[in-house]
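In: Using only what follows, build the 3D model:
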Amino acid sequence: MFEEYLITHCSPTLASLKPASLFLYRFSSGEELYESVAVWDAQFQKKGIRITILRENAETALIYVYRPDAMGHELSRPEILSFLVSTGYQAGTIDQMLEQLRIRLHGSEEFPHEIGVFLGYPLNDVLGFIKYHGSNCKGMGDWKVYGDLGEAQKTFAKFKKCREIYANLWHQGRTIWQLTVAA
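Out: Below you'll find the model as predicted:
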């Protein structure tokens with residue numbers, strides 16, 4: 001079951017097309033959740049990927065799968081870092097920044113929309129989403145587009161094709177380990 005979530009929601013990250021992915025996982029027990037995350041994190045680390053829980057409640061967990069090097073590079077870009085600092089984050093390592101995001105996810109009833117930059121979404125689209133409260137977008141796909149619609153549509157098509165290929169290969173017997181591109 002956990003593997004299916006990884007294939008369905010994280011293929012572009014596993015293929016190294018995207019720095020991070022996020023999915024909501026419905027688990028049967030806390031033990032099953034922690035064991036799944038620990039096992040996959042240990043395996044993924046060998047290929048330069050980490051998996052962590054950003055938030056959990058009694059039945060679901062928000063699972064973040066990311067490439068630390070790519071995400072660290074993304075979050076250190078001056079415009080991204082400036083944006084995050086302007087919203088109250090303190091500059092730091094990827095682990096420190098994720099801890100601040102975790103605190104925001106737990107401490108507020110409103111979802112912290114800056115999470116888009118933690119998923120590699122274009123900053124213009126994250127800023128537009130925040131400014132317009134999710135309305136008035138130019139188009140939608142993996143995220144709502146407020147900037148370059150043409151580029152976003154190309155990216156959406158690439159991610160969709162990746163998910164289809166990964167799902168087909170997985171159903172044909174390839175393992176997630178075989179499908180994961182090393183950093």
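In: show me where this structure has strands.
Out: Counting by DSSP state E, the chain has strands at residues 20-26, 50-56, 60-66, 139-140, 144-145.
In: now the fourth one: how far from the chain's centre is it?
Out: On the basis of CA atoms, centre = their mean, to the nearest Å, the separation between the geometric centre of strand 139-140 and that of its chain is 18 Å.
In: what are the pairing partners of it, and which direction each?
Out: strand 144-145 (antiparallel) (DSSP bridges).
In: Over to the second one?
Out: Strands adjacent to strand 50-56 in the sheet, as given by DSSP bridges, are strand 60-66 (antiparallel).
In: Now the partner strand: buried residues?
Out: 61-66 (16 or more other CB atoms under 10 Å). The way it works is simple: take the backbone N, C-alpha and C, and place the C-beta from them, glycine included.
In: which among the residues you listed gets closest to Ser76?
Out: Nearest to Ser76 out of the buried residues of strand 60-66 is Tyr66 (CB to CB; 14.3 Å).
In: correct me, but that closest one touches Pro19?
Out: Yes. Between Tyr66 and Pro19 there is a contact at 6.3 Å, judged by CB atoms under 8 Å.
In: Mutual contacts of those two, please.
Out: Thr13 (CB atoms under 8 Å, 6 or more residues apart in numbering).
In: Can you give me the neighbour number for the closest residue to Ala152 other than its chain neighbours?
Out: Among residues not flanking Ala152 along the chain, Val145 sits closest, at 4.3 Å (CB to CB, 6 or more residues apart in numbering). By other CB atoms under 10 Å, 24 other residues sit near Val145.
In: okay if I get the strands of the chain as JSON lines plus distance to Lys161 and mean pLDDT?
Out: Output for the strands of the chain, formatted as JSON lines (distance: least, CB to CB, whole Å; pLDDT from 0 to 100):
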{"stretch": "strand 20-26", "distance to Lys161": "16", "mean pLDDT": "97"}
{"stretch": "strand 50-56", "distance to Lys161": "24", "mean pLDDT": "96"}
{"stretch": "strand 60-66", "distance to Lys161": "19", "mean pLDDT": "97"}
{"stretch": "strand 139-140", "distance to Lys161": "18", "mean pLDDT": "96"}
{"stretch": "strand 144-145", "distance to Lys161": "18", "mean pLDDT": "98"}
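In: Out of those strands, which is closest to Pro112?
Out: strand 50-56 (10.2 Å).
In: spatially speaking, which residue is in the middle of this structure?
Out: Ser21 (2.2 Å; CA atoms, centre = their mean).
In: my guess is it contacts Leu62, does it?
Out: No. Contact criterion CB under 8 Å: Ser21 and Leu62 do not qualify, at 11.3 Å.
In: From Ile176, how far out is Asp41?
Out: For Asp41, the distance to Ile176 equals 13 Å [CB to CB, to the nearest Å].
In: Which one's more surrounded, those two?
Out: Ile176 (20 against 15).
In: Now do the contacts for the more buried one.
Out: Ile176 neighbours (CB under 8 Å, 6+ apart): 3, 6-7, 14, 170.
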